[in-house]
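**Q** Any chance you could fold what I've pasted below:
(one chain, ligands or ions: 1)
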Amino acid sequence: MPAPWMPGLIKDPGTGAGYNAGRNSMQFVVLHDTGGTNSYQICKDGRPGYNSSLCQILVPKQGTPWQFTEIDAECYHIGSSSDYDHDGQPDDFNTWAPGIEVERLQGDPLTDSQIGWLGKIVAWLHDEWGVPVVHFAGPFGAVEQFRGFVNHRDIHPNPDGLSPEEWDRVVATIAAPPAAVVPLEDELMNITHIACPDGPNKGIWAFFEIAGKPAYRRLSTSVNAVTGNARAVIYEPVTFGGFLAALQKQGAIDCNG
Ligand SMILES: [Zn+2]
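**A** This is a model prediction of the structure:
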């Protein structure tokens, strides 16, 4: 059984701890903004009269996040159940997924602290719980078969979640383990995106999936006067050689995209 509490976070049991409202199946993970400035109490203990917290993890603007319940406990972060996936059945996604709340008002940029902690949380969810490092890109509600990370706005009429650029910045913080996965010459892979982070992981990185598993490879350690992230390149399944050939044909990697 994977560990339900993430090492390094502040373990601070709230109303939903001890599986007070039951469990969620950990099929995917939902990314939220609080839309507030101090959501500690409401996240930890939930709304009055409810038997669970409003989120499993709260990431403040600065410093160490709190974890209020076991990651696979049920919390009420998504909202009322509705048939958002249009299969004729109302879905209570709270029983499918934990929620990560980022403390910010709509439109606030993520702080460096939040980006770093989100990277650690994403890495832990991947390593400990096998959640693929993949950001859901729609269509709305079509998450029945999806495993990975989903914005709240993609499964409920709320506006919150991470932009593709923010997701890339989070993933870039965990992109440099000692040995990157190197695909075999003839292995087919799906390119998911290209990232060109600055800082210690500076360079051009390709992220891809091989047989459903996320992988990555650093293509270059320099970024020629470009920063930021690009995710415009989505290829059909190709071999790594085919991918490089396609890049060469394109002439340059657009990391300003
Ligand atoms: Zn939300």
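
**Q** Alongside the ion, which residues does the chain contribute?
**A** His32, His152, Asn158, Asp160 (CB under 5 Å from the ion). Where you see a C-beta, it was placed from the backbone N, CA and C, and this is true even at glycine.

**Q** just those: which has the poorest pLDDT?
**A** Lowest model confidence among the residues of the chain next to the ion falls on Asn158, which carries 91.

**Q** what sits against Ile78?
**A** Contact partners of Ile78, counting by CB atoms under 8 Å, 6 or more residues apart in numbering, are Val30, Phe93, Asn94, Ala97, Gly99, His152, Ile155, His156.

**Q** count of residues packed around the fifth one?
**A** Which is Gly99. Gly99 has 24 neighbours, counted by other CB atoms under 10 Å.

**Q** Next one: it relative to Gly148, how far apart?
**A** In this structure, Gly99 lies at 14 Å from Gly148, with CB to CB, to the nearest Å as the measure.

**Q** about what we covered before: top of the residues of the chain next to the ion by neighbour count?
**A** Compared across these, His32 has the highest neighbour count, 28 neighbours, by other CB under 10 Å.

**Q** Is it within a helix or a strand, and which one?
**A** Taking DSSP states H and E as the definition, one finds His32 inside strand 29-33.

**Q** can you list contacts of that strand?
**A** Under the criterion CB under 8 Å, 6+ apart, residues 55, 77-78, 93, 97-106, 108, 125, 131, 148-152, 155, 158, 160-162 lie in contact with strand 29-33.

**Q** Any of those buried? List them.
**A** 55, 77-78, 93, 97-104, 125, 131, 148-152, 155, 158, 160-162 (16 or more other CB atoms under 10 Å).

**Q** still on that earlier bit, now the helix or strand following the strand holding His32: buried residues?
**A** Scanning the chain past strand 29-33 towards its C-terminal end, the next helix or strand to appear is helix 40-45 (assignment: DSSP H and E). Applying a neighbour-count criterion of 16+ other CB under 10 Å, the buried positions in helix 40-45 are Tyr40, Ile42, Cys43, Lys44, Asp45.

**Q** partner strands of the following helix or strand past helix 40-45, parallel or antiparallel?
**A** The helix or strand immediately downstream of helix 40-45 is strand 57-59, counting by DSSP H and E. Neighbouring strands of strand 57-59 in its sheet, by DSSP bridges, are strand 66-67 (antiparallel), strand 99-102 (parallel).
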